[in-house]
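>>> what follows is a predicted structure for the sequence shown.
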There are 2 protein chains.
Amino acid sequence: MSSVKDVAKLAEVSVATVSRVLNQDPTVKTKNRLKVLKAIDELHFSPNILAKNLRKKSSSTIVIVMSSISNPFFADIVKGAQEAIRDSNGYNMIIGTTEWQADTYRNMLRTNQVDGILVISSWANEQTIQDLNAHYPVVMCNEYYENMNLSYVAIDNRKASYDAACELLQRGCKHIVYVAGAKDSSSVKDRLGGFKQALADAGVTFQPHFFVQPKKGREEIGTLLNDMVDRGIPIDGLLTHSDLYAAHILKGMEDRTIHLDRKTGLISFAGTFVTQITSPRISSIVQPAYELGFTSVQLLLRKIKNKEIHKSKQVILNHQLVIRET
Amino acid sequence: MSSVKDVAKLAEVSVATVSRVLNQDPTVKTKNRLKVLKAIDELHFSPNILAKNLRKKSSSTIVIVMSSISNPFFADIVKGAQEAIRDSNGYNMIIGTTEWQADTYRNMLRTNQVDGILVISSWANEQTIQDLNAHYPVVMCNEYYENMNLSYVAIDNRKASYDAACELLQRGCKHIVYVAGAKDSSSVKDRLGGFKQALADAGVTFQPHFFVQPKKGREEIGTLLNDMVDRGIPIDGLLTHSDLYAAHILKGMEDRTIHLDRKTGLISFAGTFVTQITSPRISSIVQPAYELGFTSVQLLLRKIKNKEIHKSKQVILNHQLVIRET
DNA sequence: CTGAAAGCGCTTACAG
DNA sequence: CTGAAAGCGCTTACAG
């Protein structure tokens, strides 16, 4: 419960000197420094961060917003982010929830509760991001918006999707269903673009009814696909936006005639642990989740430290096509 | 960038009045209130939370500590917690990481950055919890410590484990391997206790070499179990501390002679989505993750609001044995 | 019902 | 190298 005042009194110096010791100001004479350190120790003093941030108008804290905490892919990104924070010496990170509105985050930034914001995936619309990005340090991870001088870290989703589609086409798949993500984010668009491109390059016509976008949740996929099977539409390949989609498809298809293996391929994004516990194990475009998080935080911290709000940088990390049992 | 001072000037009242309007003080005359509200609107003012908390010595924020963000069971708990926070009108929640040391949390509590702490699972040792619990509002979720007047929410792990073991015994399993959690937490102990009790009640001797505790990570389980199989030790049932253990066992055993189905049973804790995407689907003790989180936050908020640091309450929620395909 | 003033616990020009 | 003082943006007794 002690404050700098108490420490100052005990150490027989001014509060200014205490503050200087706290902030490693080299001008403090060793003798005084030692006295202060001793007093701090005796009183079990530690500074009030609230007061410090209020005064300094900065918090050495970033907030990371995730659309869904239960997605294992995001969890891996967070691990990378944590590591970068640990390497940052002095910065902290809090995890915000999507429950909070954009206003909450804007306020946190405005009042210096946090110095910057890392947006993982598509939590907010373009307008919101643009608004935040104009005034505060923002980095997006995994998704992006064009034409707004935004810093982001992602993979080349178009290329990744193209690669996956080529793999399926090479296996001889002709009737490939594309299961898109629920929201119309950049990754959803880019991946669909890459998929179509691969078909076109292989001389295969893209059939609109092979495009499936479950807007209401994972359960819907099963229904949608089973409908297709029941209507006699042939399916000999699938490319899905997420591992969990793929896992649910695998389960949903189990008691149908369609059998998903290495011939009738199933490839998913993003290669989390989920792809390793299903039977068969799911082939996937593995995204460097850890690096995505790590690099994003590096970018954000650089922005904050160098006060480069209006300087943006884009980093594209490499993906990898890993063939497992589908 | 405006402050109460700016608002006061524009509304032609004192900052005290502005503050009163901000805090819904009913004594402010309607005319003044309207003037203030208008000024707030015009200036796009919103209060600086840092300054407010510093002055009020409370933050209306709780922090939730999780041992692992990537565990789907914990993610479900967090969802419940979020819902309770939303119902709380006015409280916020931040998610802390295990990276932070106990000191960080103690400091957050001491300097009113947060009003209370919710500890999910076993993040800290008994001494740390006791220390925090003596001075600040603490609630534990999913785990507990005895003899320290601690509030917690959990299931009856002993009973749950007993139930699961009985199911296996009833199926005729004689050689049941028990795969314990890595840390020696209350749930790990209680579940082992329940398991042993069930064996005893059924007249089956507990064999120490049927107790497996992978301390180094999930990968170890496969090795440990395969060793047993290779040494000719018969296994006709398994009870595991987590869904992920079970999922990995299922994969690890695939190419062994042992086949895990509804006869040679496999039952896991806690029934997350993981148990539904494996083949076969894993039977499990389903824990009410959402309710665990929800109830924990309720308990914590009550403690904070009523300033009942030294009054503790324990809530035991019901578990459920769900038989799927193992 | 309202305002002037003190204070939450820090940091930082400024003067010496 | 150090201290007195101002100030970050709020809230809250206190007096009127």
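That came in fine, so what should we check first? Keep in mind the model is a prediction, meaning the values are calculated, not measured.

>>> show me which residues of the stretch 51-200 of chain A are close to chain B?
On the criterion CB under 8 Å from any CB of the partner chain, chain B has as its neighbours in the stretch 51-200 of chain A the residues A:51, A:53-54, A:69-70, A:72, A:75-76, A:78-79, A:82, A:85-86, A:92-97, A:99-100, A:103-104, A:107-108, A:110-113. All C-beta spots, glycine's among them, are computed from the backbone N, C-alpha and C.

>>> can you show me the helices along chain A?
If you assign secondary structure with DSSP state H, the helices in chain A sit at A:4-11, A:15-22, A:30-43, A:49-56, A:72-87, A:102-110, A:126-135, A:157-170, A:186-201, A:219-230, A:243-253, A:274-277, A:289-305.

>>> okay, and the beta partners of the nearest residue to A:Lys313 once chain neighbours are set aside?
Closest residue to A:Lys313 in three dimensions, ignoring its sequence neighbours and counting by CB to CB, 6 or more residues apart in numbering or on different chains: A:Ser151, at 5.1 Å. With DSSP bridges as the criterion, A:Ser151 is bridged to A:Val139.

>>> that older thread, can you list the helices of chain A in TSV and add mean pLDDT and mean neighbour count?
Formatted as TSV, the entries for these read as follows, by pLDDT from 0 to 100; neighbours: other CB atoms under 10 Å in any protein chain shown:
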stretch	mean pLDDT	mean neighbour count
helix A:4-11	94	19
helix A:15-22	96	19
helix A:30-43	95	15
helix A:49-56	91	18
helix A:72-87	90	22
helix A:102-110	87	18
helix A:126-135	93	16
helix A:157-170	97	21
helix A:186-201	96	19
helix A:219-230	82	15
helix A:243-253	88	23
helix A:274-277	93	22
helix A:289-305	96	22
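
>>> now render those as TSV, adding distance to A:Ile316.
Supplementary listing: the helices of chain A in TSV, determined by distance: least, CB to CB, whole Å:
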stretch	distance to A:Ile316
helix A:4-11	47
helix A:15-22	42
helix A:30-43	47
helix A:49-56	35
helix A:72-87	16
helix A:102-110	26
helix A:126-135	19
helix A:157-170	9
helix A:186-201	11
helix A:219-230	29
helix A:243-253	21
helix A:274-277	23
helix A:289-305	10
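
>>> OK, contacts around A:Ile94?
A:61-64, A:114, B:94-96 (CB atoms under 8 Å, 6 or more residues apart in numbering or on different chains).

>>> same list, the helices of chain A, but as CSV with distance to DNA strand C please.
Putting the helices of chain A into CSV (distance: least, CB to the nearest atom of the strand, whole Å) gives the following:
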stretch, distance to DNA strand C
helix A:4-11, 3
helix A:15-22, 3
helix A:30-43, 10
helix A:49-56, 3
helix A:72-87, 20
helix A:102-110, 17
helix A:126-135, 21
helix A:157-170, 42
helix A:186-201, 39
helix A:219-230, 51
helix A:243-253, 45
helix A:274-277, 45
helix A:289-305, 14
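
>>> so which of those is nearest B:Phe273?
Evaluated over the helices of chain A, closeness to B:Phe273 peaks at helix A:243-253, with 7.7 Å, by CB to CB.

>>> so out of everything in the stretch 201-326 of chain A, what residue is nearest DNA strand D?
Closest approach of the stretch 201-326 of chain A to DNA strand D (CB to the nearest atom of the strand) occurs at A:Lys307, with a separation of 17.6 Å.

>>> A:Ile85 versus A:Pro288, what's the distance?
Using CB to CB, to the nearest Å, A:Pro288 is found at 18 Å from A:Ile85.

>>> now do the buried residues in stretch A:89-98.
Taking 16 or more other CB atoms under 10 Å in any protein chain shown as the neighbour-count basis, stretch A:89-98 is seen to contain the buried residues A:91-97.

>>> same list, those, but as JSON lines with distance to A:Ile233 and pLDDT please.
Written out in JSON lines, the entries for those read as follows (distance: CB to CB, whole Å; pLDDT from 0 to 100):
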{"residue": "A:Tyr91", "distance to A:Ile233": "53", "pLDDT": "86"}
{"residue": "A:Asn92", "distance to A:Ile233": "53", "pLDDT": "84"}
{"residue": "A:Met93", "distance to A:Ile233": "47", "pLDDT": "87"}
{"residue": "A:Ile94", "distance to A:Ile233": "48", "pLDDT": "85"}
{"residue": "A:Ile95", "distance to A:Ile233": "43", "pLDDT": "83"}
{"residue": "A:Gly96", "distance to A:Ile233": "43", "pLDDT": "79"}
{"residue": "A:Thr97", "distance to A:Ile233": "40", "pLDDT": "73"}
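
>>> find the closest residue to DNA strand D in the stretch 101-250 of chain A.
Here the residue of the stretch 101-250 of chain A nearest DNA strand D is A:Thr111; by CB to the nearest atom of the strand that distance is 7.1 Å.

>>> how long is stretch A:82-101 end to end?
Its first and final residues considered, stretch A:82-101 spans 23 Å by CA to CA, to the nearest Å.

>>> likewise for stretch A:308-324?
Stretch A:308-324 stretches 43 Å from its first residue to its last (CA to CA).

>>> what sits up against that stretch?
Stretch A:308-324 is touched from outside by A:135-137, A:144, A:149-156, A:159-160, A:163-164, A:167, A:262, A:267, A:271, A:275-276, A:280-288, A:291-292, A:295, A:299, A:302-303, with contacts defined as CB under 8 Å, 6+ apart.

>>> list the contacts of stretch A:196-207.
Stretch A:196-207 is touched from outside by A:158, A:161-162, A:165-166, A:169, A:174, A:176, A:195, with contacts defined as CB under 8 Å, 6+ apart.

>>> state the pair within these that is farthest apart.
Across the contacts of stretch A:196-207, the longest distance by CB to CB is 22.3 Å; it joins A:Arg158 and A:Lys174.

>>> how about the residue of the stretch 101-250 of chain A found nearest DNA strand C, phi and psi?
Shortest the stretch 101-250 of chain A-to-DNA strand C distance, computed as CB to the nearest atom of the strand: residue-wise this is A:Asn112, at 11.6 Å. With angles defined as degrees, to the nearest 10, A:Asn112 sits at phi 60, psi 20.

>>> in terms of contact, does it touch A:Lys52 like I think?
No - contact between A:Asn112 and A:Lys52 fails when scored by CB atoms under 8 Å: they sit 10.4 Å apart.
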